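Participant: Dropping the sequence and predicted coords here.
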Amino acid sequence: MKFPHCDLQTGKIYGCKKGSWEWYHEKGHFEFNKNSKFSFLILLNGYFREIWIFCIMVTLIIKNFIYPTIFFFLLYFGFFLFEEWWCNQFANRKFYK
């Protein structure tokens, strides 16, 4: 079974047929990363991931530190879901036009 994915550095899409809905979804990831509106969100999401990992380490020492860990996980995962949703919408616009 092939899993569609893209390489943002080389600009190549693997694991799906060109022109398919999956291909447009992966193409959406390129467009998302080119979009100036989202560049700051991409930067913030990197920080959210780093803070979340730091919070996990602190939670191992201080058990009551779970709430900040959950908060930063939700920010990080929420952004991931937003990007996937946006790419799905991009694919829908291109594939079903």
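Facilitator: Everything's here; your move.

Participant: Going by C-alpha atoms from here, please, whenever you check contacts or count neighbours.
Facilitator: OK.

Participant: Could you tell me how far Ile56 is located from Leu43?
Facilitator: 20 Å (CA to CA, to the nearest Å).

Participant: repeat for Gly15
Facilitator: Distance from Gly15 to Leu43, by CA to CA: 28 Å.

Participant: Show me which of these two is the more surrounded one.
Facilitator: Gly15 (13 against 10; other CA atoms under 10 Å).

Participant: Neighbours of the nearest residue to that one once chain neighbours are set aside, how many?
Facilitator: Leaving aside its chain neighbours, Gly15 sits nearest to Pro4 (4.2 Å; criterion: CA to CA, 6 or more residues apart in numbering). Other residues within reach of Pro4, judged by other CA under 10 Å, total 14.

Participant: Report the central residue of this protein.
Facilitator: Phe80 (3.6 Å; CA atoms, centre = their mean).

Participant: For that residue, which residues are in contact?
Facilitator: By CA atoms under 8 Å, 6 or more residues apart in numbering, Phe80 lies in contact with nothing.

Participant: where does it fall, helix, sheet strand or coil?
Facilitator: Using DSSP: H, G, I helix; E, B strand; the rest coil, the structure places Phe80 in helix.

Participant: can you pull the pLDDT of it?
Facilitator: Looking at Phe80, its pLDDT reads 95.

Participant: ditto for Asp7
Facilitator: pLDDT, read off for Asp7, is 93.

Participant: Pretty sure it sits against Lys27.
Facilitator: No - Asp7 lies out of contact with Lys27 (CA atoms under 8 Å); the separation is 10.3 Å.
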